[in-house]
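> this is a predicted model, with the sequence first.
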Amino acid sequence: MKMKIVKTGINGEGIGYMDKLPVFVPDVLADEEVDVKITKKERRYALGKAVRILSKNKDRIQPKCYVQKSCGACPLMIARYPKQLEYKYEILRQSLIKYAQIDPRLIAKPVANEHIFGYRNQCKLPCRSEDGRLMTGMFVPGSNYFHAIETCIIHEPGLENMRKAVLHILNKYRMPAYDVKKKKGIRSLVIRGFDGRYQCTLVTGEDELPDSMLSELCRLKGMHSLWQSIHTSRKSLDVFGSRMIHLGNETYLPLQLDDLQLQISPRSFFQLNTSQAKVLYRTIADMVGGRKKLIVEAYSGIGAISLYLRNKAERIIGIESIKDAVVNANRNAKLNHSDHVHFLCADAADKLLYLSKKETIDVLIVDPPRTGLDDAMLACILQSRIREMVYVSCNPATLGKDLGVLQKRYQVKKIVPIDMFSHTPHIESVCVLNRR
Ligand code: SAH
């Protein structure tokens with residue numbers, strides 16, 4: 001059937017309507033006229049496949065990546081970059097209106113990504129054997145189908161070289177992909193790097209890796225830190241397993257962010273786009289404004305935001321639930337001679353409730369995972385007397401829902417979207433709220 005695509009969905013697909021039923025169609029852009037074959041019909045929505053594009057969006061381009069369609073990670077790569085930013089803005093705007101009736105004039109234009117290719121500082125890829133060769137790849141979204149990927153143009157070029165060099169050595173030693181029954185083999189490859197220095201984690205079964213292979217890996221140019229993670233659980237969705245073993249070279253990976261020095265352990269979260277992370281941190285610093293007595297950051301990870309703001313307050317407290325990350329963050333505070341910045345290991349809502357009863361918090365910064373703030377956290381913030389809040393979000397849907405709740409006591413002042421992940425539908429935003 002003929003269909004006009006009217007908007008972009010949160011997964012980067014096009015959305016058209018069949019009577020009033022929304023139809024999600026991958027690989028098409030808003031404003032395109034498409035011949036669609038319905039592949040699945042449910043009560044509230046349908047899925048479709050574009051058989052032919054009848055009229056193309058003028059901003060449609062040939063994607064630079066040869067596996068763009070089959071891999072599925074970069075659905076917006078078929079549009080010129082400025083158009084991608086328009087789509088992302090629309091996704092954010094619609095979510096904020098739908099869930100929180102936000103005045104769209106409060107939403108700034110997205111800050112563009114400085115480098116739209118080669119920006120990703122980390123890969124976290126599953127491994128499989130194909131024709132006797134170990135390969136990294138991706139699972140096609142929503143499926144169990146493994147797609148081997150030779151080259152990814154989103155990865156920083158040095159990261160790509162390192163990934164290929166590591167795979168080459170693993171193949172030289174005939175390392176097999178993970179076998180669920182034997183509980184042995186390579187499950188995934190995690191590599192993160194900045195400025196030519198890389199930290200690599202081999203996620204394996206209960207393998208004892210050959211010494212000669214390890215010393216070859218350690219000798220690779222730029223191999224700053226080498227780890228193994230033992231992962232034999234069938235259920236866990238986490239890339240890393242329960243046990244970490246340091247295999248060679250340094251334990252931490254260093255990173256310089258403006259005048260801040262950080263060191264990162266393999267399991268800790270760090271923003272995937274280093275130059276846009278700086279833009280994000282500078283934006284947060286601007287929003288916090290002048291010097292404060294006490295800033296609290298919930299969901300603080302390795303402490304990057306709190307430490308970036310170290311000159312903005314007499315005292316800064318970060319709250320983070322993963323112990324490893326808290327140890328990492330406190331080390332980073334020492335490294336930057338910041339005795340007034342402390343990181344506590346706790347659930348964000350529990351600790352914030354305790355702190356907000358005991359002290360006057362001038363600014364609360366939250367940077368939650370994609371699921372947003374939980375009910376306990378929302379209740380705690382509403383009950384507190386915290387005057388100013390900065391909400392950093394990587395998910396427009398949960399940001400919208402949370403702002404809908406927070407607006408009972410807080411007024412949204414400004415929202416700044418930042419593009420960290422060009423070609424994907426993801427958009428980061430920073431939102432300032434003042435207590436009413
Ligand atoms: N602000 C950091 C990282 C944010 S990622 C940075 O800019 O680098 C979100 C962090 O929230 C993760 O480190 C995760 O471990 C932590 N987290 C998730 N749920 C939490 C909870 N209930 N309480 C405290 N921390 C939590």
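Looks like it came in fine. Numbers count the residues shown, from 1 in each chain.

> wait, a strand at residue 328?
No - counting by DSSP: H, G, I helix; E, B strand; the rest coil, residue 328 falls outside a strand, being helix.

> test my guess that it contacts residue 268.
Yes - Residue 328 lies in contact with residue 268 (C-beta atoms under 8 Å); the separation is 5.1 Å. Glycine gets a C-beta too; all of them are placed from N, C-alpha and C.

> for these two, list the residues in contact with both.
residue 302 (C-beta atoms under 8 Å, 6 or more residues apart in numbering).

> okay, now the domains of the chain?
As assigned by automatic domain parsing, the chain contains the domains 2-58, 93-114+270-435, 122-256.

> so which helix or strand takes in residue 338?
Using DSSP states H and E, no element contains residue 338; it sits outside every helix and strand.

> how close does the nearest residue to it once chain neighbours are set aside get to residue 316?
Sequence neighbours aside, residue 310 is the residue nearest to residue 338 in space, at 4.7 Å (criterion: C-beta to C-beta, 6 or more residues apart in numbering). In this view, residue 310 and residue 316 are 7 Å apart by C-beta to C-beta, to the nearest Å.

> show me which residues of this structure sit near the ligand.
269-271, 299-302, 304-305, 319-322, 325, 347-348, 367, 369 (C-beta under 6 Å from any ligand atom).

> if you set the cut-off to 5 Å instead, what comes out?
Contact residues, the chain versus the ligand (C-beta under 5 Å from any ligand atom): 269, 299, 301, 304-305, 320-322, 347-348, 367, 369.

> let me have these in JSON lines, extended by pLDDT.
Listed next are the residues of the chain next to the ligand as JSON lines, based on pLDDT from 0 to 100:
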{"residue": "269", "pLDDT": "91"}
{"residue": "299", "pLDDT": "98"}
{"residue": "301", "pLDDT": "95"}
{"residue": "304", "pLDDT": "97"}
{"residue": "305", "pLDDT": "98"}
{"residue": "320", "pLDDT": "97"}
{"residue": "321", "pLDDT": "95"}
{"residue": "322", "pLDDT": "91"}
{"residue": "347", "pLDDT": "98"}
{"residue": "348", "pLDDT": "98"}
{"residue": "367", "pLDDT": "97"}
{"residue": "369", "pLDDT": "95"}
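
> and the residue in the stretch 301-436 of the chain positioned nearest to the ligand, how many neighbours?
Nearest residue of the stretch 301-436 of the chain to the ligand: residue 301, at 2.8 Å (C-beta to the nearest ligand atom). Residues lying near residue 301 (other C-beta atoms under 10 Å) number 22.

> helix, strand or coil for it?
coil.

> hmm, residue 327 and it touching each other?
No - at 12.0 Å, residue 301 and residue 327 do not qualify as touching, with contact defined as C-beta under 8 Å.

> returning to that earlier point: farthest pair in the residues of the chain next to the ligand?
Greatest spacing in the residues of the chain next to the ligand, by C-beta to C-beta: 304 and 347 (20.2 Å).

> render the CA-only coordinates of the single longest helix found in the chain in PDB, please.
Identified as the longest helix of the chain according to DSSP state H is helix 81-100. Only the C-alpha atoms of helix 81-100 are listed here, as PDB (Å, rounded to 0.1, in the frame of the first residue of the first chain):
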ATOM      1  CA  TYR A  81      23.600  15.300   9.000                       C
ATOM      2  CA  PRO A  82      21.600  18.600   9.600                       C
ATOM      3  CA  LYS A  83      18.400  16.600   8.800                       C
ATOM      4  CA  GLN A  84      19.400  14.000  11.400                       C
ATOM      5  CA  LEU A  85      19.600  16.800  14.000                       C
ATOM      6  CA  GLU A  86      16.100  18.000  13.000                       C
ATOM      7  CA  TYR A  87      14.800  14.400  13.500                       C
ATOM      8  CA  LYS A  88      16.400  14.100  16.900                       C
ATOM      9  CA  TYR A  89      15.100  17.500  17.900                       C
ATOM     10  CA  GLU A  90      11.600  16.300  16.900                       C
ATOM     11  CA  ILE A  91      11.900  13.100  18.900                       C
ATOM     12  CA  LEU A  92      12.900  15.100  22.000                       C
ATOM     13  CA  ARG A  93      10.200  17.800  21.400                       C
ATOM     14  CA  GLN A  94       7.400  15.300  20.900                       C
ATOM     15  CA  SER A  95       8.400  13.300  24.000                       C
ATOM     16  CA  LEU A  96       8.600  16.500  26.200                       C
ATOM     17  CA  ILE A  97       5.200  17.700  25.000                       C
ATOM     18  CA  LYS A  98       3.600  14.400  25.300                       C
ATOM     19  CA  TYR A  99       4.700  13.600  28.800                       C
ATOM     20  CA  ALA A 100       5.300  17.000  30.400                       C
END
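
> which secondary structure elements does that helix sit against?
Other helices and strands packing on helix 81-100, by 3 or more C-beta pairs under 8 Å, 6 or more residues apart in numbering; DSSP states H and E, are strand 2-8, helix 396-406, strand 410-418.

> tell me the mean pLDDT for the shortest one?
For strand 2-8, mean pLDDT rounds to 96.

> tell me which strands and helices the helix or strand following that strand is in contact with?
Using DSSP H and E, the next helix or strand after strand 2-8 towards the C-terminus is strand 14-18. In terms of contacts (3+ C-beta pairs under 8 Å, 6+ apart), strand 14-18 is packed against strand 2-8, strand 21-25, strand 33-41, strand 46-55.

> would you turn these into TSV with mean neighbour count?
Output for the helices and strands packed on strand 14-18, formatted as TSV (neighbours: other C-beta atoms under 10 Å):
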stretch	mean neighbour count
strand 2-8	18
strand 21-25	18
strand 33-41	16
strand 46-55	16
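
> would you list these in CSV and tack on distance to residue 130?
Supplementary listing: the helices and strands packed on strand 14-18 in CSV, determined by distance: least, C-beta to C-beta, whole Å:
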stretch, distance to residue 130
strand 2-8, 34
strand 21-25, 31
strand 33-41, 28
strand 46-55, 27
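
> quick check: mean pLDDT of stretch 410-421?
The average pLDDT for stretch 410-421 rounds to 98.

> buried residues in that stretch?
Residues 410, 412, 415-421 are the ones in stretch 410-421 that count as buried (16 or more other C-beta atoms under 10 Å).
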